[in-house]
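A.B. asks: Prediction below, plus the sequence it came from.
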Amino acid sequence: MAFRFRNSIRIAPGIRLNIGKRGVSVSAGVRGATVTAGNQGVHGNLGLPGTGLSYRTRLDRSVNQRKRGEQEEKRQNRLERQTVALENNPDLAELTLDLDEKGNLLLSTANGTPLASEERRKLLLNFNAEIQEWLEKQMENINGDHDLLVNPHLDILTPDTTSLRHQIEPFPEAHPEQPKFAAAPKAPVKPSAPDISWKDKIIPGRKAKILNEWQAQVNAWQKAYQAWEAEKFRLEAEQAEPRAAYQAELTAWRERKQVHDTEQRKLADTFADRLETDTQVMTEVLKAELNALDWARETLIDFELDKESKKLLLDVDLPEIEMLPTQEARMGVRDLRLVITDKSATQIRRDYARHVHSVVLRIIGTAFHTLPSLEELVISGYSQRLNPATGNIQDDYLFAARVKRPVFAEINFHNLKEVDPVIALERFELVRNMSKTGIFQPIEPLER
């Protein structure tokens, strides 16, 4: 299935935007992005291979994304507190915490011996908060990221506007460093002519003495000035070549910077047009935007734009139903324990149906939001399933839809919590054979 179209995207599971007091980071990464945070939100600057373009995109564009980022920050803080607790309490590190199938807390020594009742009571009393956090972690492991699993469509962005802007890249070359030249010595100051007073004139020999002393100073200044001129000439001759080389380097750097800045301004001025007409730019931007999505399970997407850049074809390799959690857990009301229950087969199938429809709905929204000129897309979802007739695993298409922008835009994107993704796809040209309990029969995808 992955070879029907030219471009492939592998969306890694668990991408998180981490927002905390110490800053912002992206765990699991956004490929090719640098992350910046400010009063106007968290942005990623992404480069587009082969285009010379980079652009600026919001990474915290929805309430749900920010909420998940804050949840991830809490998880990291909790892990740090657990580490500190173990460091400060070596006896706690020698104990083993586990759960039985019903969620009851099992406490034992390192060799597997259950704790005596009195030791257990003291442990629960002294380390109540630490054990509570451990139970919360186990609950998350059992439930998985349920909200992201069944509601990725809550992060759909409106299709009528795009938030993408070209990011002007600063000139990468550093300003040439000016050589450090030895400074020329200061020119010697010519002695001023003396003031001859009337007393100097009437005292015999006084005027002549003053004039002789001044003339001696002038003679000394003339010698010093000649020496200064010689030294100045020597320094100028010595520094002429490196000064000329620096000036040539500076001139060339300024010319290259002017060319770069001109090109960047041109790219910025034409980015919006290229995002609507240049298939290569549209393809690379869509790849980058799909890669920036946070996802509950690994999902593969193959896509292709038509030559007019008006129609998009997508194949989505959906996760298998076996990847969904089969149990759910909640904290016990009174005791330090979890209440673990097995999901019914029907509930698992319904969760899976909501998940795959919600995934496809979010991909549709990302495509329309990213590509303003896109008028229509055809999206097909398939998964690997067992063929009971042959015993082999095969790719089965589960559903396919042809979606036009005006029809998609009729969704109330300000009230997505009330949108059922399973029903939402029925508004489009949909091919699907699914029972009320979420059993899919394979279908043939729509024609291009």
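C.D. replies: Received the coordinates, thanks.

A.B. asks: any low-confidence regions in the protein?
C.D. replies: 1-3, 14-44, 52, 58-72, 79, 82-83, 85-87, 89-93, 163, 448 (pLDDT under 70).

A.B. asks: Can you pull the domain assignment for it?
C.D. replies: 7-89+127-170+275-432, 198-264 (automatic domain parsing).

A.B. asks: what's the closest of those to A187?
C.D. replies: For A187, the closest of the domains of the chain is domain 198-264, at 5.5 Å, according to Cβ to Cβ. In this view, the C-beta of every residue, glycine as well, is placed from N, C-alpha and C.

A.B. asks: Which is the succeeding secondary structure element to the helix or strand where I363 lies?
C.D. replies: I363 belongs to helix 345-370 when assigned by DSSP states H and E. Sequence-wise, the next helix or strand downstream of helix 345-370 (DSSP H and E) is strand 376-387.

A.B. asks: If you count contacts, what does the helix or strand just after that following strand end up packed against?
C.D. replies: Next in sequence after strand 376-387, counting helices and strands by DSSP H and E, comes strand 392-404. Helices and strands touching strand 392-404, by 3 or more Cβ pairs under 8 Å, 6 or more residues apart in numbering; DSSP states H and E, are helix 345-370, strand 376-387, strand 429-432.

A.B. asks: out of those, deepest packed?
C.D. replies: helix 345-370 (a mean of 22; mean count of other Cβ atoms under 10 Å).

A.B. asks: Specify the angle between that one and strand 376-387 in degrees.
C.D. replies: The directions of helix 345-370 and strand 376-387 differ by 150 degrees, with axes from the mean of the first three to the mean of the last three Cα atoms, to 10 degrees as the criterion.

A.B. asks: Does A353 touch K436 like I think?
C.D. replies: No - the criterion here is Cβ atoms under 8 Å, and A353 misses it with K436 at 9.9 Å.

A.B. asks: Could you count how many residues lie near P172?
C.D. replies: Other residues within reach of P172, judged by other Cβ atoms under 10 Å, total 8.

A.B. asks: how much space between it and S54?
C.D. replies: Applying Cβ to Cβ, to the nearest Å, the value for P172 to S54 is 12 Å.

A.B. asks: Mind exporting the C-alpha coordinates of stretch 124-136 to PDB?
C.D. replies: This file holds the C-alpha atoms of stretch 124-136, laid out as PDB (Å, rounded to 0.1, in the frame of the first residue of the first chain):
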ATOM      1  CA  LEU A 124       2.100   3.200  53.400                       C
ATOM      2  CA  LEU A 125       2.100   5.800  56.100                       C
ATOM      3  CA  ASN A 126       5.500   7.200  55.500                       C
ATOM      4  CA  PHE A 127       5.600   7.100  51.700                       C
ATOM      5  CA  ASN A 128       2.000   7.700  50.900                       C
ATOM      6  CA  ALA A 129       2.700  10.500  48.300                       C
ATOM      7  CA  GLU A 130       5.400   8.500  46.600                       C
ATOM      8  CA  ILE A 131       3.300   5.400  46.300                       C
ATOM      9  CA  GLN A 132       0.300   7.500  45.100                       C
ATOM     10  CA  GLU A 133       2.500   8.900  42.200                       C
ATOM     11  CA  TRP A 134       3.700   5.400  41.400                       C
ATOM     12  CA  LEU A 135       0.100   4.200  41.100                       C
ATOM     13  CA  GLU A 136      -0.700   7.200  38.900                       C
END
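
A.B. asks: how about that stretch: buried residues?
C.D. replies: Of all the residues in stretch 124-136, those buried under the rule 16 or more other Cβ atoms under 10 Å are F127, E130, I131, E133, W134, L135, E136.

A.B. asks: Am I right that the third one is in a helix?
C.D. replies: Translated: I131. Yes - judged by DSSP: H, G, I helix; E, B strand; the rest coil, I131 forms part of a helix.

A.B. asks: and among the domains of the chain, the most buried is which?
C.D. replies: Per stretch, and counting mean count of other Cβ under 10 Å, the top mean among the domains of the chain goes to domain 7-89+127-170+275-432, which has a mean of 17.

A.B. asks: and Y55, what is it in contact with?
C.D. replies: N45, L46, L48, L164, R165, H166, Q167, F271, V285, A288 (Cβ atoms under 8 Å, 6 or more residues apart in numbering).

A.B. asks: Repeat the analysis, applying 10 Å as the threshold.
C.D. replies: Counting by Cβ atoms under 10 Å, 6 or more residues apart in numbering, Y55 touches 44-48, 164-167, 267-268, 271, 275, 281, 284-285, 288-289.

A.B. asks: one step back: tell me which of the domains of the chain lies nearest to L106.
C.D. replies: Going by Cβ to Cβ, the one of these nearest L106 is domain 7-89+127-170+275-432, 10.1 Å.

A.B. asks: Tell me which residue of the chain is furthest from the middle?
C.D. replies: P204 (94.2 Å; Cα atoms, centre = their mean).

A.B. asks: Who are the contact partners of it?
C.D. replies: Contacts of P204 (Cβ under 10 Å, 6+ apart): none.

A.B. asks: Pop out the phi and psi values for it.
C.D. replies: phi -60, psi 130 (degrees, to the nearest 10).

A.B. asks: before we move on, what about the one 5 residues further on?
C.D. replies: With angles defined as degrees, to the nearest 10, K209 shows backbone torsions of phi -60, psi -40.

A.B. asks: That one contacts D200, correct?
C.D. replies: Yes - with contacts counted by Cβ atoms under 10 Å, K209 reaches D200, the gap being 8.8 Å.

A.B. asks: what about the strands in the stretch 1-150 of the chain?
C.D. replies: Taking DSSP state E, counting those that start in this stretch, the strands of the stretch 1-150 of the chain run over residues 7-11, 16-20, 23-27, 33-38, 41-48, 53-58, 95-99, 105-109.

A.B. asks: residues in contact with D315?
C.D. replies: Going by Cβ under 10 Å, 6+ apart, D315 touches 1-5, 8, 300-304, 378-382, 395, 397, 400, 445.

A.B. asks: Quick one: end-to-end length of stretch 419-430, please.
C.D. replies: 17 Å (Cα to Cα, to the nearest Å).

A.B. asks: Name the surrounding residues that touch that stretch.
C.D. replies: 150-154, 156, 350, 353-362, 364, 377-379, 381, 399-404, 407-408, 410-413, 416, 432, 434, 438, 443, 446.

A.B. asks: tell me the secondary structure for the closest residue in space to F413 that isn't next to it in sequence?
C.D. replies: Leaving aside its sequence neighbours, F413 sits nearest to T158 (Cβ to Cβ, 6 or more residues apart in numbering; 4.8 Å). Here T158 is coil, with the state taken from three-state DSSP.

A.B. asks: Much appreciated, bye for now.
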